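S.K.: only geometry, no sequence info:
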């Protein structure tokens, strides 16, 4: 998994409307990239709706939020619309970005082993450096954890200035 202090792997993925989104185009801004396993599942819905409901808090922190899953664009689009989401979801259908960030992992559920995206979040600064990692995210506390990290990073940056 990508660690704090490393350069975030650049990527270009289609969003829910099929429009390309490149991490490099967001340089100069703080970006929260969160990986989720599957659109329209209970945990992923809780997490996405949490971001939707806290988007003003992310805006105050000057952070752009991107949700990434290994779903195809049509599933991401459907999920985005059903939940009336107000931020971009990205489709990593070939899981190349999940691989690059180290979140494509072997999982076990009810005795069945399979590969999928680990629920993890990365806070990336304006220079593309990973500043905070939450390797195993709880959908219910995701926003609380990320917003606290954004506040802490802002305070550290202010001290350093």
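M.R.: Looks like it arrived, so ask away. Model, not experiment: these values are computed from the prediction.

S.K.: contacting residues for residue 59?
M.R.: By C-beta atoms under 8 Å, 6 or more residues apart in numbering, the contact list for residue 59 is empty. From N, CA and C alone the C-beta is placed, and that goes for glycine too.

S.K.: what's the spacing between residue 119 and residue 140?
M.R.: Residue 119 sits 12 Å away from residue 140, going by C-beta to C-beta, to the nearest Å.

S.K.: between those two, which one's more packed in?
M.R.: residue 119 (21 against 11; other C-beta atoms under 10 Å).

S.K.: any low-confidence regions in the protein?
M.R.: Within the chain, the ranges that satisfy pLDDT under 70 run 161.

S.K.: strands of that one, residue ranges please.
M.R.: Under the criterion DSSP state E, strands of the chain are mapped to 12-14, 20-22, 30-35, 63-69, 88-91, 104-109, 112-117, 120-124, 130-134.

S.K.: look up how far residue 46 lies from residue 71.
M.R.: Distance of residue 71 to residue 46, computed by C-beta to C-beta: 17 Å.

S.K.: so for the two, which sits in the more crowded spot?
M.R.: Neighbour totals were compared for residue 71 and residue 46, and residue 71 leads with 23 against 13 (other C-beta under 10 Å).

S.K.: check contacts around the more buried one.
M.R.: 38-39, 79, 91, 93.

S.K.: most neighbours among those, which one?
M.R.: residue 39 (25 neighbours).

S.K.: what's near enough to touch the closest residue to that residue other than its chain neighbours?
M.R.: Distance criterion C-beta to C-beta, 6 or more residues apart in numbering; nearest residue to residue 39, sequence neighbours excluded, is residue 79 at 3.6 Å. By C-beta under 8 Å, 6+ apart, the residues touching residue 79 are 16, 39-40, 44-45, 48, 71, 85, 89.

S.K.: returning to what we had before: now for the contacts of residue 71: which two are most distant?
M.R.: Largest separation among the contacts of residue 71 by C-beta to C-beta: 79 and 93, giving 13.8 Å.

S.K.: quick check, central residue of this protein?
M.R.: The chain has residue 34 as the residue nearest its centroid, 1.5 Å off, counting by C-alpha atoms, centre = their mean.

S.K.: any idea what that one is bridged to?
M.R.: Residue 34 forms beta bridges with residue 67, residue 121, as assigned by DSSP bridges.

S.K.: doesn't residue 137 make contact with it?
M.R.: Yes. Contact criterion C-beta atoms under 8 Å: residue 34 and residue 137 qualify, at 7.0 Å.
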